[in-house]
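Chemist: Sequence plus predicted model, see below.
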Amino acid sequence: MSQEFQSEFAFTLPRGLLGEGDELHRQGTMRLATARDEMAVQKDSRVQANPAYGVLVMLSRVIVRLGTLAAITPEALENLFTRDIAYLRELYNRLNQQGNVHIAAQCPQCNSRFAVELALSGE
């Protein structure tokens, strides 16, 4: 039995990105990062001038949808609240470095093993 590979993951920002007309964008989708994404971040002149900007460039590449925004740009993400940036960084790290948002667990009473989905801060 094969398991379907998942490359995109839905999320809800704790606070949301306030857009034009005071529209709040909270629901989004993030895809897994690629080697091309990593290389593009390193080549970006804004990141070379200020390495801290790399997180915004990377997030703008892997967030495929955020509310009704037409485009996800680093400049648009500059307006995120710090709590939302922290949430997105944590989600990115879990998806790309740990492979998923589930951890193995074991019942202390019956020793049954199962997977638990981690709730990210803000959810």
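Modeler: Okay, I see it. Since the model is a prediction, treat every value here as computed from it, not as a measurement.
Chemist: which one's the longest strand in the protein?
Modeler: Counting by DSSP state E, the longest strand found in the chain is strand 8-18.
Chemist: Go through that strand and flag the buried ones.
Modeler: Across strand 8-18, burial judged by 16 or more other C-beta atoms under 10 Å covers F9, F11, L13, P14, G16, L17. To be clear about C-beta, it is placed using only N, CA and C from the backbone, and glycine gets the same treatment.
Chemist: Quick one: name whatever helix or strand follows that strand.
Modeler: strand 24-31 (DSSP states H and E).
Chemist: Let me know the average pLDDT across that following strand.
Modeler: In this model, strand 24-31 has an average pLDDT of 96.
Chemist: So which elements touch it?
Modeler: Using 3 or more C-beta pairs under 8 Å, 6 or more residues apart in numbering; DSSP states H and E as the contact test, the elements touching strand 24-31 are strand 8-18, strand 63-66, helix 82-97.
Chemist: quick one on the thing from earlier: paired strands for the longest strand of the chain, with orientation please.
Modeler: strand 24-31 (antiparallel) (DSSP bridges).
Chemist: And the partner strand, what's buried?
Modeler: For strand 24-31, burial by neighbour count (16+ other C-beta under 10 Å) applies to H25, G28, M30, R31.
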